[in-house]
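Engineer: Give the three-dimensional model of this entry:
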Amino acid sequence: MIARIWRGVVREADKDIYYEYLKKTGLEEYAATPGNRGVYTLRRVADGKCEFLLLTWWDSWDAIKAFAGSDYEKAVYYPEDEKFLLAMEPKVTHYELMQG
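Structural biologist: Purely as a prediction, here's the structure:
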């Protein structure tokens, strides 16, 4: 199994509306992609900002590519992300889950 990790930061005042937006965009698309095993949405508020960390689980690299495209390390963004995100990181991070 492979973990895909994306991070994004919004203003603290936007934390709830951005979470609702995430549910209708990325979280919904993750769930609809074959090979996705689930997502954990984490958020942390500090210094007037809210950081979101999305940890998704995938069966294979091919499943990730079905979601993200052939350049699977590139972050996937949606039309209104620019309105909320303070920066748009170009890449995500992947880890293979090891047993034991």
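Engineer: give the contact list for Val9.
Structural biologist: 49-52, 85-87 (C-beta atoms under 8 Å, 6 or more residues apart in numbering). Where C-beta positions appear, they are placed from N, C-alpha and C, glycine not excepted.
Engineer: my bad, Lys15
Structural biologist: 43, 45, 50.
Engineer: now swap in Leu55 and tell me
Structural biologist: 3-5, 39-40, 42.
Engineer: can you tell me which two in those are farthest apart?
Structural biologist: Distance extremes for the contacts of Leu55: the farthest pair is Arg4 and Leu42 at 13.7 Å, using C-beta to C-beta.
Engineer: For the two, indicate the residue with more neighbours.
Structural biologist: Applying other C-beta atoms under 10 Å to Arg4 and Leu42 shows that Arg4 carries more neighbours, namely 24 against 11.
Engineer: where does Ala31 land in three-state SS?
Structural biologist: helix (DSSP: H, G, I helix; E, B strand; the rest coil).
Engineer: Alright, I will stop here.
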